[in-house]
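> Structure of the sequence below:
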Amino acid sequence: MIIDDFQIKVFKALGHPVRFAIVKKLLEGERCVCQLQEDVDFSQSNLSQHLKILKNSGVLSSEKKGLNVHYKIKRDEIIEVIRLVESFVKKDILEMAEGMK
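So this is what the prediction gives:
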């Protein structure tokens with residue numbers, strides 16, 4: 001049951017639109033909070049809360065570099081999961097489009 005709990009925690013973290021957008025941005029590579037802040041329409045404290053949830057779920061890791069905190073995707077498996085979901089969603093969309101013809 002404990003493994004299930006951790007899996008659910010990861011999916012809940014990724015299931016929020018803002019957190020998913022953060023992770024998608026980090027697919028491009030490590031970013032500091034200041035760079036992530038450029039891409040969102042809310043306060044730094046709100047961004048920090050989302051980053052904390054992603055970090056606590058094991059999706060992200062962070063490292064302090066000078067005055068900045070940098071975040072990155074903790075494990076390649078997270079990238080694989082996102083790419084896999086993206087792939088089957090695209091296939092579903094193509095199938096739906098074909099069905100409308």
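> Can you show me the CA trace of stretch 89-101 as CSV?
The C-alpha coordinates for stretch 89-101 follow below in CSV (Å, rounded to 0.1, in the frame of the first residue of the first chain):
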residue,chain,number,x,y,z
VAL,A,89,-2.9,11.4,-26.3
LYS,A,90,-1.7,12.5,-29.8
LYS,A,91,-2.7,9.0,-31.1
ASP,A,92,-6.2,9.4,-29.6
ILE,A,93,-6.6,12.9,-31.1
LEU,A,94,-5.6,11.5,-34.5
GLU,A,95,-8.1,8.6,-34.2
MET,A,96,-10.8,11.1,-33.3
ALA,A,97,-10.0,13.3,-36.2
GLU,A,98,-10.0,10.3,-38.5
GLY,A,99,-13.4,9.3,-37.1
MET,A,100,-14.9,12.7,-38.0
LYS,A,101,-14.0,12.4,-41.7
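> Could you pull up the contacting residues of the residue nearest the centre of the chain?
Centroid check for the chain by Cα atoms, centre = their mean gives Val23 as the closest residue, at 2.4 Å. Contacts were defined as Cβ atoms under 8 Å, 6 or more residues apart in numbering; by that measure Val23 touches 14, 54, 59-60, 73, 78, 82. In short, each C-beta sits where N, CA and C put it, glycine included.
> Could you dump the residues you listed into a markdown table and include neighbour count, pLDDT and secondary structure?
As requested, the contacts of Val23 are exported to a markdown table (neighbours: other Cβ atoms under 10 Å; pLDDT from 0 to 100; DSSP: H, G, I helix; E, B strand; the rest coil):
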| residue | neighbour count | pLDDT | secondary structure |
| --- | --- | --- | --- |
| Leu14 | 20 | 96 | helix |
| Leu54 | 26 | 98 | helix |
| Val59 | 23 | 98 | coil |
| Leu60 | 23 | 98 | strand |
| Ile73 | 18 | 98 | strand |
| Ile78 | 21 | 96 | helix |
| Ile82 | 16 | 95 | helix |
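> TSV for those, including distance to Met96?
Listed next are the contacts of Val23 as TSV, based on distance: Cβ to Cβ, whole Å:
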residue	distance to Met96
Leu14	23
Leu54	31
Val59	29
Leu60	33
Ile73	30
Ile78	27
Ile82	21
